[in-house]
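Trainee: let's see this in three dimensions:
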Amino acid sequence: MAETLLLVAVHFHMGNLQAIADIVRSTLGLRMQVRTESLKRMQELFVGLVLTEDVLATKAIAVRVTRGLSANTKGVLPIHCVFHLVQSRAFIKHSVDPSAWICDQLLNASSSEPIHSVLPALLQSYADLSLDPVGSIASGNVLVPRPEEVQSLFAAGPMARIPEQKVSQMLKAASHSVQALVLFYVLSFNTLLKKRFLSPVTLLPESFTYPQAYSQQLLDSIPVKEILLHMDTHRALYGHFYPLLYSLIASEFPELFWVGTLLLEEDAVARRALSCGRSSDSSSTVFAASPSSSMPHAPSLAHLDLVHRPSAAALHLEALRSMPLLDLAAHADALATHVLPQLLVRGVSRQLHDLVLLLWRDLNAVVPRRLWLLTLASLQSHETDAVALTHQQLANDPLTVLRVRPEALRCPALVEMLLVMLKAYLISSQSTYADVASEAKRAKPDNRDFAAETDELMRTMSLSQMSAVVQILLELCSEAQQNRLVAMEEPGATCDKADLLAIRKTVCSFIHQLYLADPALVKVVHFQGYETDLLPMAVALIPSMHVCFDFAAELVNHEKEESQVFGIQMVAALSERYPLPKALEVAREILGRLHTMVHLNSHLKAASPLRMALPSVVPLCRAFPLIAGPVFDLLLKIRQIEQTHASLTSFWHSEKHTAVDFVDSIFNELVEEGILQRQLNM
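Mentor: Numbering: from 1, shown residues only. Next up, the predicted model:
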């Protein structure tokens, strides 16, 4: 009855007389009429004599916690009393710290039954209590103090949050359900703190200091994805709490919810469901193994030898891939530190590369953030071996992901892993940019010009970052670059063509996703330019390259001759694959630009823009035979100019002879393909 008496006293202090009547009916089990008017005298006794608010706050946290607390625990419980006292700000008024009681109740919550509905509400209210002691954003039954009462709330300073060390201990020692609740509290606290900074509470005195947010180090240590997978497996235990936590995690860790990783995770779940003889509708049960189905002697990766014992290694990797996902998490360290470096050794079979990649994908569905740090630590270049990377550093500079040992950049499996991590940290970095922009604009809410400038600055930074990523990845696709990487290990050796093709497909698919996410990036990258040898590859393997037609005319008429040449070569490569009407319009623009180049250049020099751009007329004619006539006239004009220039000199210079031969070679190519012949027959 102590809990009932405490709860009645709480409601008396809050003036909720109707709630007291409901408690009386529920406790006695009788349907009776309780007039609230008759309770007013009793309220005066409780509030003034029996249980004053300071006594009530002290006694509430002295009551024992409910062991095995769950949604199935019925009746009036101590947690109801503490919850209402937290909402009424009674603890902070009388300098009573309920954090120890709350932690004790968390640790005594049931891990096998549904979560009690008051637990998440209590944690969220306690987080709000530390950040908004005066209850200025009140709702429901929360009492809002009068302005003259505000100073009394700060007599002993603000309410402390749950200590970070205690949070860390609970995360390590508790069950998954308790871990989920602790994570909910930490994320709620940090999210509310961010909101308070953006929308300061006006009733707070100037001397009030906000508590510090929970550190990034603590957040990095939380197995977020593992907790989510456990909750998804036991959805019935969490009910309405699941979407609450999910939304907080998605806000704090947006990199975990990239559609690419979610599809890989879905594939891992579906494959395990299929191998276990279950339908995909019941695939959530494959996250954790039952005691009867778990593997008693799971193969270890610590002694796996991909180089000298490939057959045994393949069998071990296959066995690990049949394990439940949550059980697989224990092998993340061994995979990153022992297995991945072996992929750098030349001669390891493609089958083993693929198996290691598939196992890495499976682990990425369970412990992604830990796996990323372990993977990068094992692949770091010698210049950065001593640096212990953190998620915050990688989010601040996502390109750090690509600063790995050169050997890793010639291995298709490792390149795919690096791109998964790169995408995650790009998302995290973009989220950071958005937060910074929001905070800056909130500081000057009435300055529209400042808001526009801030948005423009963030946009420029984002495009600069993304274009740098694309340029580095395109360089990685260069055959010359791959040959250099191989020659660093084995002088004189060249890259494997199959590996180069696999890397190109992976990288181009990644770039295609970036282009789709932000079409403006396509224009930025192509106005910067890159190796023209890569244009055929980009056109063939990046489906979104057709967007270049939207700005091709602008690029062809750019003030810089290098950009003009690149634009002409780009349009020529694109036109063969996409012979669209807009491409024909740009092709005619190109002919005009080539005529201008002829007037600006007296003759074809070895490295002149005209000489570099002129071969592009062949694929243009191949795509659009209609322009073969104007092209023929252009080539004839150039040849006549070269011959005239040669005749005006006293001798036939070899360079001039080469220029005429160069034009003749283009003529011959058009004739061999029958383009000019078809034009003459028309």
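
Trainee: OK, contacts around Leu317?
Mentor: 304, 352, 355-356, 359 (CB atoms under 8 Å, 6 or more residues apart in numbering). For every residue, glycine as well, the C-beta is placed using N, CA and C.

Trainee: which SS state does it fall under?
Mentor: helix (DSSP: H, G, I helix; E, B strand; the rest coil).

Trainee: before we move on, the earlier item: reformat the contacts of Leu317 as TSV; add neighbour count.
Mentor: Formatted as TSV, these follow (neighbours: other CB atoms under 10 Å):
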residue	neighbour count
Leu304	21
Leu352	21
Leu355	22
Val356	24
Leu359	23
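
Trainee: now, those that are in helices?
Mentor: With DSSP state H as the criterion, helices contain 352, 355-356, 359 from among those.

Trainee: now flag whichever of these is closest to Tyr515.
Mentor: Val356 (29.3 Å; CB to CB).

Trainee: re earlier: which one of the contacts of Leu317 sits closest to Ser247?
Mentor: Distances from Ser247 to the contacts of Leu317, taken by CB to CB, are shortest for Leu359, at 30.9 Å.

Trainee: go ahead and confirm that closest one touches Arg321.
Mentor: Yes: the criterion here is CB atoms under 8 Å, and Leu359 meets it with Arg321 at 5.8 Å.

Trainee: how much space separates the residue most central in space within the chain from Gln430?
Mentor: Most central in the chain under CA atoms, centre = their mean is Glu255, positioned 2.0 Å from the mean C-alpha point. Distance check for Glu255 against Gln430: by CB to CB, to the nearest Å, it reads 10 Å.

Trainee: before we move on, what about His353?
Mentor: If you go by CB to CB, the gap between His353 and Gln430 works out to 31 Å.

Trainee: can you pull the contacts of the residue nearest to the centre of the chain?
Mentor: With CB under 8 Å, 6+ apart, Glu255 has these contacts: 423-425, 427-428, 431.

Trainee: contacting residues for Arg588?
Mentor: Here Arg588 is in contact with Ile627 (CB under 8 Å, 6+ apart).

Trainee: which SSE is it in?
Mentor: For Arg588, the enclosing helix or strand under DSSP states H and E is helix 581-600.

Trainee: tell me which helix or strand comes right after that helix.
Mentor: Following helix 581-600 toward the C-terminus (DSSP H and E): helix 609-613.

Trainee: counting by contacts, list what that following helix packs against.
Mentor: If you count contacts as 3 or more CB pairs under 8 Å, 6 or more residues apart in numbering; DSSP states H and E, helix 609-613 packs onto helix 561-577, helix 581-600.

Trainee: skipping adjacent residues, who's closest to Tyr214 in space?
Mentor: Val186 (5.0 Å; CB to CB, 6 or more residues apart in numbering).

Trainee: could you pull out the buried residues of the lengthiest helix in the chain?
Mentor: Identified as the longest helix of the chain according to DSSP H is helix 412-443. Using 16 or more other CB atoms under 10 Å as the test for burial, helix 412-443 gives 412-431, 433, 437, 440-441.

Trainee: what do you get for stretch 227-247?
Mentor: 227-231, 233-234, 237-238, 241-242, 244-245.

Trainee: now do it: distance from first to last residue.
Mentor: 14 Å (CA to CA, to the nearest Å).

Trainee: go on, stretch 401-414?
Mentor: 12 Å.

Trainee: name the residues that touch it?
Mentor: 340, 343-344, 353-354, 356-357, 360, 376, 379-382, 384, 394, 415, 418, 421-422, 425, 472, 476, 482, 485-486, 488-489, 495, 499, 502-503, 506.

Trainee: just the buried residues of those.
Mentor: 340, 343-344, 353, 356-357, 360, 376, 379-380, 394, 415, 418, 421-422, 425, 476, 482, 485-486, 495, 499, 502-503, 506.

Trainee: which SSE is immediately downstream of the strand or helix carrying His645?
Mentor: Using DSSP H and E, His645 sits in helix 628-648. Per DSSP H and E, the first helix or strand lying C-terminal to helix 628-648 is helix 654-672.
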